[in-house]
Structure formats: C-alpha cells, structure tokens
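Visitor: Sequence plus predicted model, see below.
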Amino acid sequence: RRIHGGSSGDGEVEYVTSQHVYEVSHVDATLSLDGATWTLKRFQLHTPAEHTFDGKAADLELQFIHESVTEGGGAKALIVSAFAVVMEGQGSPSFLRELAEASGSLASDPADVVPLDFAEVAQAVMIGQLSHQGANPRDFVPNFKNYLRYSGSYSSPPCTEGVEWVLLNNPLFIYKQDLAALKALEGVNDRPTQPLNGRAVNTSIPA
C-alpha cells in the first residue's frame with residue numbers, strides 16, 4: 001500500500017508500507033562522487049541504527065539511497081547514512097518533526113500535504129551538529145567533509161552486494177517524542193551488525 005508522506009514544490013515523498021521506505025519523486029536531488037552523478041530515489045529509517053561506532057548504535061539511522069546509471073545501462077547504488085540521537089536540550093530538525101507528526105495520520109488518499117523542504121533536509125544532513133554539549137565548535141568539520149566509506153551490500157533482503165556506503169560522522173539530534181512516533185511506525189527494523197569480513201573502511205579526514 002502506498003501512502004502519501006509529504007511534498008515540497010514539485011517534489012513528493014510517498015511512504016510505502018510494505019517496504020517501509022519513503023519514495024522520492026519529482027525532485028532533482030543529486031550529489032557528485034567519484035566522477036558520477038547520483039540521484040536520490042528513496043530514503044528509509046531504521047530504529048535503532050544498523051551501523052555501530054565503537055560498538056554503540058545511534059537511536060535512528062536515516063539511509064538516503066541514490067542511484068547512478070552505468071555505461072552499460074544498469075544501475076549502481078550509493079547510500080548516505082546519517083545518524084540521529086536523543087540528547088537532553090537538543091531538538092529535532094524540522095523535517096524529522098514533520099515526518100514524526102505525519103506518521104500517526106498517514107492515509108492512502110490524503111487530505112493534507114505535509115511540506116518537506118528538501119533543501120533543509122540536505123543542509124541538516126550534510127552539515128550535522130556538534131557531537132555533544134561542550135564540544136569545541138572550532139574543531140567542527142561538516143559532514144560533507146567528514147565521513148567514512150566502504151563497499152558493501154544493501155541491508156535489506158536479498159542484501160545485494162555492490163553498494164557504496166557513506167557514513168556521516170556528525171549526528172543529528174531528535175526529540176524523544178519524535179523518535180517514539182517514528183518507532184511506532186517503523187518498529188524495531190535494524191539488521192544485526194555484520195562483521196567487516198576484510199572490508200576496508202576509509203575516512204575523508206586526513207590522518
């Protein structure tokens with residue numbers, strides 16, 4: 001069942017309940033990496049996060065799934081993951097609040113449209129926030145320069161290989177109430193953390 005989730009300008013997001021993904025259409029949302037142009041196709045939320053850092057998982061992982069057409073006409077995938085955590089005194093970016101507010105009243109034939117500002121989404125995600133209270137803002141490096149990369153697979157069955165992953169280091173923050181609303185929609189839907197199995201994880205920050 002396809003359920004309307006929100007729109008902004010000519011862009012539109014629809015929540016597909018059978019797959020727990022937000023499909024994006026009519027939005028020219030692209031990024032350039034490795035000499036290719038990647039187009040945003042959909043995003044999905046995992047509670048808790050599927051990736052762990054020092055053995056710890058964030059409260060929420062947002063996976064933005066991009067595709068690029070190969071010379072042979074096939075598609076290859078790039079997934080950019082952002083991580084959100086609950087922290088006292090820190091609130092949600094507006095797009096997460098809007099998704100949380102809409103999650104309890106989604107309908108197959110919506111009467112209301114929930115606005116999502118994709119420019120705001122990109123800015124919030126690709127910059128991120130200070131990792132903790134008291135962190136030195138002079139040491140802050142925005143997410144578009146501050147990430148980890150590895151080659152892996154989709155985290156959903158059949159877990160097809162050949163996916164480039166970009167994990168953004170700076171977190172987003174989320175209100176406890178917003179996280180609870182998204183959890184009620186998604187449930188516990190994280191894939192257990194997998195061993196690296198010899199995969200190389202590279203950082204954008206010079207040693």
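Guide: That came in fine, so what should we check first? Numbers count the residues shown, from 1 in each chain.

Visitor: Give me the residue at the spatial middle of this structure.
Guide: What sits nearest the mean C-alpha location of the chain, by Cα atoms, centre = their mean, is residue 62, with 2.5 Å.

Visitor: ok, for that one, nearest residue in space, not its chain neighbours?
Guide: Once flanking residues are discounted, residue 62 sits nearest to residue 82: 4.6 Å by Cβ to Cβ, 6 or more residues apart in numbering. All C-beta atoms are positioned from the backbone trio N, CA, C, and that covers glycine.

Visitor: repeat for residue 167
Guide: residue 148 (4.4 Å).

Visitor: Can I take it that that neighbour is in a helix?
Guide: No: going by DSSP: H, G, I helix; E, B strand; the rest coil, the assignment for residue 148 is strand, not a helix.

Visitor: Now for it, how many residues are close by?
Guide: Each residue near residue 148 was counted by other Cβ atoms under 10 Å, and the total is 17.

Visitor: bridging residues for it?
Guide: Counting by DSSP bridges, residue 148 is bridged to residue 167, residue 203.

Visitor: Would you confirm that it contacts residue 203?
Guide: Yes: Residue 148 is within contact range of residue 203, at 5.5 Å (criterion: Cβ atoms under 8 Å).

Visitor: about what we covered before: quick one, what contacts the residue nearest to residue 167?
Guide: Contacts for residue 148 were tallied using Cβ atoms under 8 Å, 6 or more residues apart in numbering; they are 166, 167, 169, 201, 202, 203, 204.

Visitor: Narrow these to just the buried residues.
Guide: 166, 167, 169 (16 or more other Cβ atoms under 10 Å).
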